[in-house]
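A.B. asks: One predicted model, sequence on top.
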Amino acid sequence: MSHRPIILGIVGDSAAGKTTLTRGIAQILGEENVTIICTDDYHKYDRIQRAEKGISALHPDCNYLDIMEQHLSLLQNGQPILKPIYNHDTGMFDPPEYIKPSKFVIVEGLLGYSTMKTRDYHDVKVYLAPPESLRAEWKIKRDTMKRGYNEEQVREQLRKREPDSEAYIRPQRQWADIVVSFYPPTDTPEENSSHLNVQLVLRPTIPHPSLTQILNPSSPNYKPAIRLELERDMGKPVDVLEIDGQATSEQVKDLERMLCNDIPDLLPFCSLDGTPNLGTLVGTTGETLQSYPLALTQLLVAYHMLKAANIHTVKN
């Protein structure tokens, strides 16, 4: 390999949108260039054992964090791993899978930043923090449609898991380079995933691109649907990028064009004419929807992975 794999972490609570975000990022980078690891596979106990022990999958003691650390170390050095497989349909474990890392590795799951070692193995760290009411709706829809639960069972699971969410999942937000929060507009009380706004907290832990080209009010390209403000997060100054649900396909192309121009030697990974079908998701009745805030979020995260790869190549 010309350079070691670049590792992206996507951490968030159950049904926070990790898989949807991951899918679009892999599309931008090229699926043949991306290895996706789900940290749910590192559970110690199957579903029946967890029920017997009275422990949730969110608790660190329910996961082989030490094995996760070892595997991240191997992946970072371009080495293969024998990864366990947790089957969400059966609640049991399938045979392990032999995996070689690609140019980019996306590690998504519940506890990716729970130890110092796991945090250190990531080049870019993203945390998903939708409002809890919205996450609950997403979880109910997913688990009733795909995992065989009824609504009351899912709500009871959310209630039982809340102490562990508060104690172990949400504190990981502090370690993220980018905090992503999709939320419904105030004038649209009903939840519509294709029209959600997004707030991106951009911490100065990694170098973010200059967005003045599309955010400068005096510029002819200024779009009020996209705003950048300086705020404080957890007591520290951060940039906060707001993207409204009414953002247009032209805005997606503008940002992708700007990001591609910022890293011209990496143009094969993105398009000056815009990547088609970016920001797509499946609606509640199975229809395909497109969210431009989601598309722009996927673009920005992919940009950081490409930037990290470029920086690492230059250093070596």
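C.D. replies: Yep, that arrived.

A.B. asks: Name the residues of whichever helix or strand residue 231 is part of that are buried.
C.D. replies: Assessed by DSSP states H and E, residue 231 sits inside strand 226-233. The neighbour-count check on strand 226-233 (16 or more other CB atoms under 10 Å) flags 226-228 as buried. C-beta coordinates here come from the backbone N, C-alpha and C atoms, glycine included.

A.B. asks: will you turn those into JSON lines that also has pLDDT and distance to residue 146?
C.D. replies: As requested, those are exported to JSON lines (pLDDT from 0 to 100; distance: CB to CB, whole Å):
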{"residue": "226", "pLDDT": "84", "distance to residue 146": "33"}
{"residue": "227", "pLDDT": "85", "distance to residue 146": "35"}
{"residue": "228", "pLDDT": "85", "distance to residue 146": "36"}
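
A.B. asks: Save those as a markdown table, and put in distance to residue 301 too.
C.D. replies: As requested, the buried residues of strand 226-233 are arranged in a markdown table below (distance: CB to CB, whole Å):
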| residue | distance to residue 301 |
| --- | --- |
| 226 | 16 |
| 227 | 19 |
| 228 | 17 |
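
A.B. asks: List the neighbouring strands of the strand holding residue 231 plus their orientation.
C.D. replies: Strand partners for strand 226-233, identified by DSSP bridges, are recorded as strand 236-243 (antiparallel).

A.B. asks: following the partner strand, which helix or strand shows up next?
C.D. replies: Sequence order places helix 249-262 as the next helix or strand after strand 236-243, per DSSP H and E.

A.B. asks: Using CSV, list the CA coordinates for that following helix.
C.D. replies: As requested, the backbone C-alpha atoms of helix 249-262 are provided in CSV (Å, rounded to 0.1, in the frame of the first residue of the first chain):
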residue,chain,number,x,y,z
SER,A,249,-28.7,20.4,-5.6
GLU,A,250,-26.7,23.4,-6.9
GLN,A,251,-25.4,24.1,-3.3
VAL,A,252,-24.3,20.5,-3.1
LYS,A,253,-22.4,20.9,-6.4
ASP,A,254,-20.9,24.3,-5.2
LEU,A,255,-19.5,22.7,-2.0
GLU,A,256,-18.2,19.6,-3.8
ARG,A,257,-16.6,21.7,-6.4
MET,A,258,-14.9,23.8,-3.8
LEU,A,259,-13.7,20.8,-1.8
CYS,A,260,-12.4,19.1,-4.9
ASN,A,261,-10.5,22.3,-5.9
ASP,A,262,-9.0,22.4,-2.4
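
A.B. asks: what packs against that helix?
C.D. replies: In this structure, helix 249-262 packs against helix 212-215, helix 292-315, with contacts taken as 3 or more CB pairs under 8 Å, 6 or more residues apart in numbering; DSSP states H and E.

A.B. asks: All the strands of this protein, residue numbers only.
C.D. replies: With DSSP state E as the definition, the chain shows strands at residue ranges 6-12, 34-38, 81-87, 92-99, 104-109, 124-128, 178-183, 197-202, 226-233, 236-243, 280-282, 288-290.

A.B. asks: how about these in a markdown table, adding distance to residue 46?
C.D. replies: Formatted as a markdown table, the entries for those read as follows, by distance: least, CB to CB, whole Å:
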| stretch | distance to residue 46 |
| --- | --- |
| strand 6-12 | 23 |
| strand 34-38 | 16 |
| strand 81-87 | 8 |
| strand 92-99 | 5 |
| strand 104-109 | 17 |
| strand 124-128 | 26 |
| strand 178-183 | 31 |
| strand 197-202 | 35 |
| strand 226-233 | 38 |
| strand 236-243 | 40 |
| strand 280-282 | 28 |
| strand 288-290 | 34 |
